[in-house]
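S.K.: build me a model:
(chains A and B)
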Amino acid sequence: MLALEGVSASHGNGDVIGGISIDVAPGEVGVILGPNGAGKTSTLRAIMGYLQITGGIIRGPDGAMLRGMPPHRIARLGVAYVPEGRGILNSLTVRENLQVGASARRLTGAQTANRIDTVLGTFPALRERLGHSAGLLSGGQQQMLAIGRALMASPRVLLLDEPSLGLAPLVRREISELLLSIKSARNLAVLLVEQDIRLAQRCADFAYVLRRGRLSARFDRSELADRNALRDAYLGHGSATGDGKPSSGSTSWHTTAMPPPGRFAATANKIGR
Amino acid sequence: MEFAVQQIISGLALGGSYALVALGFVLTFGVLNILNIAHVQTIMIAPMALALLTAAGIPAIVAVPLGLLATVLFGALVFLIGLKPFVTGRGRATYLAPFIASFGISLLVENLVATLLGSDPRSFPITLPNDLWHIGDFEIVPTDMIALGVVALTLVILAMVVNRTNFGRAMRAVAENPDVAAAQGISVAQTVLITVMSASLLGGISGLLFAAESFSEAPFMGLDYGLKGLVVMILGGVTSPIGAVVTGLGLGVVESLTETYVSSVFRDVITFALLFAALILRPQGMFAGSSREARP
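M.R.: Numbering: from 1, shown residues only, chains lettered A, B, ... in the order given. The predicted model follows:
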């Protein structure tokens, strides 16, 4: 459903991610973990067509080749993206944000209204705020709106960038439960970027650890419980090359074929965005 | 008293046209974040095209839409050739480069038209009812009422499109955050192009109204009226459509009253003095919106 094979991407001056391979099947939640500046956001933005892909293959729904497509065409193929910071359109109302979310599909007004109703079934708190300016919602409600808006296009792949950012622990738990119910109800392939390891443990079928623009380790669901291994991979312990080989339970490895792109490139682009 | 009311109605008619020009600026600035000076020439293209078409024997009812179509195509062409290279892809530049490019295009176009068609003012090619309407004690100039009607209709349609249609929502989404808009499946390039064409249409309509109200048109009329539109846009808060409409109508009335009770010499002095005062006292404009803060 979503498959990356050896993907490298750049902002125009050097690769910010290199040789990334990820595979997410329908009904699965994959999580990308990693420290700041590791290239997690860049990975999602590369899939979505915002970055220049310098190597590798990206396949989307129905095996469509996403590499080289502009973002709006990727969205129309059924890939929904909730950016870091949620990307709420503050000058639009809550209803209008949802309506805009359906832009990827050619829908009549009645069909759009139907879908809004369906989405509100999942997020009842938004119903009474439909006519309000979206900028006035609380952080948790904005995250609900962002996910709801992504669902408006009936996507098959959902990319989520740090949905837990800035939210209270209770709301975080709510969001992880929500993700679990959405992915099974809609048979979605979800790729999630997170720094909150606990959230990842709750809802991930597998997780990748990303360091300095490359994947350093892959953990299956059963291995995710091993906090020590996860922490070591996260912090880059246990390996002289800094690749962060986990002390136990690593199943899949991605060899380093090119020099690691500088941490600075990834960090700089995060700031510049 | 009656006389003052008549002058205010004339002012509203003129100001409504200013508002249309300013709305064109507001729309393009919203989606592009640059000032397109060449937009002022859309004011000139429509009446000049109308003059050519009617001279060729085409009836006004056909020539007016054709003139507006020419204006829309002109606006699209200017954008695609002159501005797009600066605002997309690798050529992404500061606001200054496209501003200067559009200024150059503006000068080029008006001088080209003047060279080809002559720079002398012509009379507006369509004969409009000239006899004053008497309503009670009031004497109303028919052209003013026609202009007011056209402005009102245009504003209503524009408000419907912006607030109620998919395109309107897409336009506002692109204006606030193009990346997020694209992720929703909105083609940013297409939305920007249609917005620029809509803005040109507004410019073209206002150009026909200016020409009809003053009974004259000339290749250099674009900058004269366009600068007023620019003043209205800035006074109204740059990104606020409502600000543009209210400020435009207000400026028209102020100009009309100045002309009547002071002197026509002072008309433009007052306009730019207002701009000067506003830039010092309230640089964010009278009706500064909040959506600008969301832009990165």
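S.K.: got the contact list for the closest residue to chain B within the stretch 1-150 of chain A?
M.R.: Residue nearest to chain B within the stretch 1-150 of chain A (C-beta to the nearest C-beta): A:Ala104, separated by 2.7 Å. (Each C-beta comes from the backbone N, C-alpha and C, glycine too.) Contacts for A:Ala104 (C-beta atoms under 8 Å, 6 or more residues apart in numbering or on different chains) come out as A:72, A:75-76, A:78, A:80, A:153, A:155, B:184-185.
S.K.: what's the closest non-adjacent residue to whichever residue of the stretch 151-296 of chain B sits closest to chain A?
M.R.: Nearest to chain A in the stretch 151-296 of chain B, going by C-beta to the nearest C-beta, is B:Gly185, at a distance of 2.7 Å. Leaving aside its chain neighbours, B:Gly185 sits nearest to A:Ala104 (2.7 Å; criterion: C-beta to C-beta, 6 or more residues apart in numbering or on different chains).
S.K.: how far away is that neighbour from A:Gly85?
M.R.: As judged by C-beta to C-beta, to the nearest Å, A:Ala104 and A:Gly85 stand 21 Å apart.
S.K.: low-confidence ranges in the stretch 1-150 of chain B?
M.R.: Low-confidence segments of the stretch 1-150 of chain B (pLDDT under 70): B:88-93.
S.K.: how about the strands of it, start to end?
M.R.: Under the criterion DSSP state E, counting those that start in this stretch, strands of the stretch 1-150 of chain B are mapped to B:122-123, B:133-135, B:138-140.
S.K.: between the ones you listed, which one is closest to chain A.
M.R.: Nearest of the strands of the stretch 1-150 of chain B to chain A, taken as C-beta to the nearest C-beta: strand B:138-140 at 39.1 Å.
S.K.: quick one: the closest one to chain centroid distance?
M.R.: 27 Å (C-alpha atoms, centre = their mean, to the nearest Å).
S.K.: list the buried ones in it?
M.R.: Residues of strand B:138-140 classed as buried by neighbour count (16 or more other C-beta atoms under 10 Å in any protein chain shown): B:Ile140.
S.K.: which secondary structure elements does it contact?
M.R.: Here strand B:138-140 touches helix B:2-32, strand B:133-135, going by 3 or more C-beta pairs under 8 Å, 6 or more residues apart in numbering or on different chains; DSSP states H and E.
S.K.: could you say which of those is packed most deeply?
M.R.: helix B:2-32 (a mean of 24; mean count of other C-beta atoms under 10 Å in any protein chain shown).
S.K.: that one and chain A in contact?
M.R.: No: counting by C-beta under 8 Å from any C-beta of the partner chain, chain A is not contacted by helix B:2-32; separation bottoms out at 9.9 Å.
S.K.: output the strands of the stretch 1-150 of chain B as JSON lines; include the columns distance to A:Gly121.
M.R.: Below are the strands of the stretch 1-150 of chain B laid out as JSON lines (distance: least, C-beta to C-beta, whole Å):
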{"stretch": "strand B:122-123", "distance to A:Gly121": "64"}
{"stretch": "strand B:133-135", "distance to A:Gly121": "57"}
{"stretch": "strand B:138-140", "distance to A:Gly121": "57"}
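S.K.: ok, which of those strands comes nearest A:Val171?
M.R.: Of all the strands of the stretch 1-150 of chain B, it is strand B:138-140 that lies closest to A:Val171, at 61.9 Å by C-beta to C-beta.
S.K.: tell me the strands beside that closest one, with direction?
M.R.: strand B:133-135 (antiparallel) (DSSP bridges).
S.K.: how distant is the partner strand from the center of its chain?
M.R.: Distance, centroid of strand B:133-135 to centroid of chain: 30 Å (C-alpha atoms, centre = their mean).
S.K.: touching it from outside, list them.
M.R.: For strand B:133-135, the external contacting residues (C-beta under 8 Å, 6+ apart) are B:139-142, B:145.
S.K.: contacts only, for the residue lying closest to B:Glu139 once chain neighbours are set aside.
M.R.: Once flanking residues are discounted, B:Glu139 sits nearest to B:Leu132: 4.4 Å by C-beta to C-beta, 6+ apart. Going by C-beta under 8 Å, 6+ apart, B:Leu132 touches B:139-142.
S.K.: taking those, tell me the two that lie furthest apart.
M.R.: Greatest spatial distance in the contacts of B:Leu132: B:Glu139 and B:Pro142, 10.6 Å, computed using C-beta to C-beta.
S.K.: burial of B:Arg282, as a residue count?
M.R.: 12 (other C-beta atoms under 10 Å in any protein chain shown).
S.K.: got a pLDDT number for it?
M.R.: For B:Arg282, the model assigns a pLDDT of 82.
S.K.: that one and B:Val151: what is the separation?
M.R.: Distance of B:Arg282 to B:Val151, given as C-beta to C-beta: 26 Å.
S.K.: just B:Asn177 next, same as before
M.R.: Distance check for B:Asn177 against B:Val151: by C-beta to C-beta, it reads 31 Å.
S.K.: hang on, A:Leu167 is in a helix, isn't it?
M.R.: No: counting by DSSP: H, G, I helix; E, B strand; the rest coil, A:Leu167 is not found in a helix; it is coil.
S.K.: which residues does it contact?
M.R.: Here A:Leu167 is in contact with A:139-140, A:143, A:175 (C-beta under 8 Å, 6+ apart).
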